[in-house]
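Engineer: Next comes the sequence, and after it the predicted model I'd like to discuss.
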Amino acid sequence: MNQPSSSPSAKRIARTILNGFDAYFADYQNITLGAKARFETANWARAQSAHRDRIELYKTKADQVRQLVGTVTSKNVLDLSLWQQARQAYAQLVSNHNNYEIAETFFNSIFCNLFDHQQIHDSNLFVKPSKATDNKQLENYSIYFSYPLDAGTQTIIERLFEEFAFSTPWEDMARDVARIDQTLNQHLTEAGLDPVHGRIDVLESIFYRNKGAYLVGRLVFDNLICPFVIAFQNNERNGIFADALLLDQDSVSRIFSFTRSYFMVDTPVPSRFVRFLRTLMPRKDVSEIYNALGFNKHGKTEFYRHTINHMKASDDLFVEAPGIRGMVMSVFTLPSYDVVFKVIKDRFDPPKTVTEAIVKEKYKLVSRSDRAGRMADTQEYSNFIFYRNRFSEELLAELQRVAPSKLIITSKTVIIKHLYTERRMTPLNLYLAEANENQLADVMNEYGLAIKQLAAANIFTGDMLLKNFGVTRHGRVVFYDYDEICLITECNFRKIPEPRNEQEEMADRPWYPVAENDIFPEEFRLFFTGAPQARAAFERYHQDLYDYRYWQKIQTELLDGKINDTFPYRQEQRFKRT
């Protein structure tokens, strides 16, 4: 049976939303296009503010369109039948749109704002995409350039440097060309690849993030594909230089990690970039790549669809996540799915004194901060629908005990009114329980580096308990418990005063005044209670974290406007500077 045609009001709503999306996308691209100039002029502070501006842009535009929708019709804007017709009209409008999949997410945002994230059904909005997102209708638009390797690797690298030129002078282009050429040929030789039969494909746009720029491409030999990524830096004095050449999946995956801030990259057709990048990182989910490109709202849509599809294709039960129960969050997972779901409890366990509103603000702070490769990206959902028969009885009972106000339970579903999702990692305290001596030393060095790199990005983790950090499959330590984070610049780092008498020395509580923002780094040793081997390993590398002067120095640098370097690849992969 044919669907009834859309009413004039529904068509006006559809056109209003699409116009709003196109305006959003244009403004988004304009912020993004400024990344090249910010990199070339080393305007790192503006790069950070542009990152925050671009994240805020979506909400600003969606709010504007939501208000405008009510002015283009005399009908009841909360009439579901009107929205079902608007969805039909919108699907027709975007059927040939270059970025229809992101445009559909924008429609969803307007609908969810109006209906308070209820009435989530594919007849009302785009729970499913209107068509396959890997369609090839845009194949005539090429997003990359190809360079046959039989032209000579040095010649190709010289062409790349010329065709992707920066306005700022190079520090030493001939040196960088020679280093990349040598590294590339060594890789080809070790892999047994003949340059005569290969090519390099390079994406048309450079990727910018923080203080780095990345030329992203791939080496192609028949059916063999491997990454080809040149990392650039601007030393702010002598010009641009090539810092590294990355040629393996793990290294490139770390650059696009869920622990990193989003890229600034000119992507006129993001879906094409996603398809290309998946050839470099086939293990990385589509949602994570959309996030990395800066389209985190559509990444959220893709993640939701992926989760629903996984639930349909699996039969294991949701259970409490491994590790010590949180005081603020109840955390659960599906053993077959590499994700955790976090629900804010109705009441927090003592000694926690934060409120639910404060916790939500902390998560927003993380999304707008430089995560420095040390904080997990999160997605926030309202009214997330699960199948009830997929919950273990123990988990359902625990959620009803600690967060009953967040639950709507029916005979078939469990609807969680508000939750966060994160990549699942091995809690650091559990990792240590199974680690050998070398692993323990490496992971405690990582733990200290995580604290230091977050501090350099103006993030103080607050609660440094081992259970609040996770270990990724790459062995990287990542912080994921955000209810106590704050800015380094808001803290007051102090040395514990010397006791003046025996009574003060033996007191079981501080005898000196302590303000709310006072931090005593000497007390960080307490985070290793019950883990003496971990503490010993940590202190071999990071004893300085116990010294209040270390933190005061970081704080002074931040207040002076210093923005530190954070490299998403290993130190040994960097070219040596002479």
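Structural biologist: Done, it's in.
Engineer: Only C-alpha atoms from now on, for both contacts and neighbour counts.
Structural biologist: Noted.
Engineer: Now do the contacts for Val339.
Structural biologist: By Cα atoms under 8 Å, 6 or more residues apart in numbering, the contact list for Val339 reads 333, 421-424.
Engineer: The protein - how does it break down into domains?
Structural biologist: Following automatic domain parsing, one gets these domains for the chain: 8-114, 144-299, 314-424, 428-566.
Engineer: now do the same end-to-end measure for the third one.
Structural biologist: With Cα to Cα, to the nearest Å as the measure, the first residue of domain 314-424 is 18 Å from its last.
Engineer: What of the second one?
Structural biologist: Here the two ends of domain 144-299 are set 23 Å apart, with distance taken as Cα to Cα.
Engineer: same check, this time on the last one
Structural biologist: The separation between the terminal residues of domain 428-566, taken as Cα to Cα, is 22 Å.
Engineer: all helices for the stretch 201-350 of the chain, in order.
Structural biologist: For the stretch 201-350 of the chain, the helices defined by DSSP state H, counting those that start in this stretch occupy 249-255, 270-280, 286-292, 296-313.
Engineer: Nearest to Gln118, out of those helices?
Structural biologist: Smallest distance to Gln118 across the helices of the stretch 201-350 of the chain (Cα to Cα): 15.1 Å, for helix 296-313.
Engineer: what are the ranges of the strands in the stretch 51-200 of the chain?
Structural biologist: The residue ranges that make up the strands of the stretch 51-200 of the chain, judged by DSSP state E, counting those that start in this stretch, are 144-148, 199-203.
Engineer: The stretch 451-578 of the chain too?
Structural biologist: Counting by DSSP E, counting those that start in this stretch, the stretch 451-578 of the chain has strands at residues 469-471, 477-479, 492-493, 518-519.
Engineer: so what strands line up beside the third one?
Structural biologist: The one in question is strand 492-493. Looking at strand 492-493 with DSSP bridges, its paired strands and their directions are strand 518-519 (parallel).
Engineer: ok, back up a step: most tightly surrounded among the helices of the stretch 201-350 of the chain?
Structural biologist: Among the helices of the stretch 201-350 of the chain, ranked by average contacts under mean count of other Cα atoms under 10 Å, first place goes to helix 286-292 (a mean of 23).
Engineer: doesn't Tyr262 make contact with Thr32?
Structural biologist: No - if you go by Cα atoms under 8 Å, Thr32 and Tyr262 don't touch, sitting 10.9 Å apart.
Engineer: Those two: who's more crowded?
Structural biologist: Under the neighbour definition other Cα atoms under 10 Å, Thr32 and Tyr262 were set side by side, and Tyr262 has more, 28 against 22.
Engineer: what does the model give that one for pLDDT?
Structural biologist: Looking at Tyr262, its pLDDT is 96.
Engineer: Can you list phi and psi of it for me?
Structural biologist: When read as degrees, to the nearest 10, the backbone of Tyr262 gives phi -80, psi 150.
Engineer: other SSEs contacting the helix or strand where Leu430 lies?
Structural biologist: Here Leu430, judged by DSSP states H and E, is contained in helix 428-434. In this structure, helix 428-434 makes packing contacts with strand 469-471, judged by 3 or more Cα pairs under 8 Å, 6 or more residues apart in numbering; DSSP states H and E.
Engineer: rewinding a little: which residues outside the helix holding Leu430 are in contact with it?
Structural biologist: Defining contact as Cα under 8 Å, 6+ apart, one finds that helix 428-434 is touched by 323, 440, 466-471, 477, 534.
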